[in-house]
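Visitor: take a look and give me a structure for this.
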Amino acid sequence: GFNYDYTVPGVFGQVEQKIGDLTLAGSARVDDHSEYGSQFSPRVSMLYRPGNWTVRASVGRGYYAPTPFVEEIEAAGLARLSPLGRLKAEEAQTASVDLTYTAGPVEANMTLFGSDIDNAVQLQETSDTSVRLINAIGVTRTRGSELRLRYRHEGFSLTGSYVIVDATETDPATGLRRDMPDTPKHTGGLVAMWEEEGKGRIGLEAYYTGRQTLEDNPYRTEGKPYWELGAMGEVKLGKVSLFLNLE
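Guide: You can find the predicted model right below:
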């Protein structure tokens, strides 16, 4: 019931201009999709490096042709999926700003990002045994920020990170806006590593995942926050290396 005999010839071009510490770049891609027509994807970006600072910014637009191989199908299975109807290609507008400051052994980074997706593909239940893919009504919107701090001294490094995401979409069952399933608002991590050339290394890591709404879960609609802890070690004995990983 599925036919993916598509042709997508495309052309890509990019131009850059450097002015002192500032680099400007523009790129564009044109695809001629046999099913979804011509698609124009432009992007403008900037890189600025004054002293200890690095500033990156970009804004662009892109397309994605629908396929049945979406994340939800991994759980539902292709046998339950109805043949694709007249789906529209997804269209995304994205923007991001990235600031990095480096001073000796310390590196700090902050990233702001956002995207708006029109015609996002969603999975909709049509009966107890079958599902279908549809285009979402309205805009699928994502806004977020990532903070990262790293300290390095000789063979030791310590990295901490925190991410906050606000992602919403239209519920295919009710038509109302909802938080994006399986997308936690808060995540974080802490990684410590010591390494000495020729001897080995030791690492400890801890990752936090906050609450997130769940979909197709018979027991709860919201996941509980949880931690993942890990430790690893490597000892080099001549040409032999011994590893230990705990999680």
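
Visitor: show me where pLDDT drops low in this structure?
Guide: 1-6, 72, 75-77, 128 (pLDDT under 70).

Visitor: show me where this structure has helices.
Guide: 71-76 (DSSP state H).

Visitor: how far away is the residue sitting furthest away from the middle of it from Lys199?
Guide: Relative to the centre of the chain, and counting by CA atoms, centre = their mean, the farthest-placed residue is Gly238 at 40.2 Å. Gly238 sits at a distance of 12 Å from Lys199 (criterion: CB to CB, to the nearest Å). All C-beta spots, glycine's among them, are computed from the backbone N, C-alpha and C.

Visitor: likewise Val70?
Guide: On the measure of CB to CB, Val70 and Lys199 end up 46 Å apart.

Visitor: which one of the two has more residues nearby?
Guide: Val70 (14 against 11; other CB atoms under 10 Å).

Visitor: name the nearest residue to that one, sequence neighbours excluded.
Guide: Nearest residue to Val70 in three dimensions, chain neighbours excluded: Val121, at 6.2 Å (CB to CB, 6 or more residues apart in numbering).

Visitor: isn't the one you found right up against Thr140?
Guide: No. Using CB atoms under 8 Å, Val121 is not in contact with Thr140, being 9.6 Å away.

Visitor: joint contacts of those two?
Guide: With contacts taken as CB atoms under 8 Å, 6 or more residues apart in numbering, Val121 and Thr140 have no neighbour in common.

Visitor: how many residues are close by the residue nearest to Val70?
Guide: Using other CB under 10 Å: Val121 sits among 22 other residues.

Visitor: so who does it touch?
Guide: 66, 70, 87, 90, 133-136.

Visitor: could you redo the last one with a cut-off of 7 Å?
Guide: 66, 70, 87, 90, 133, 135 (CB atoms under 7 Å, 6 or more residues apart in numbering).
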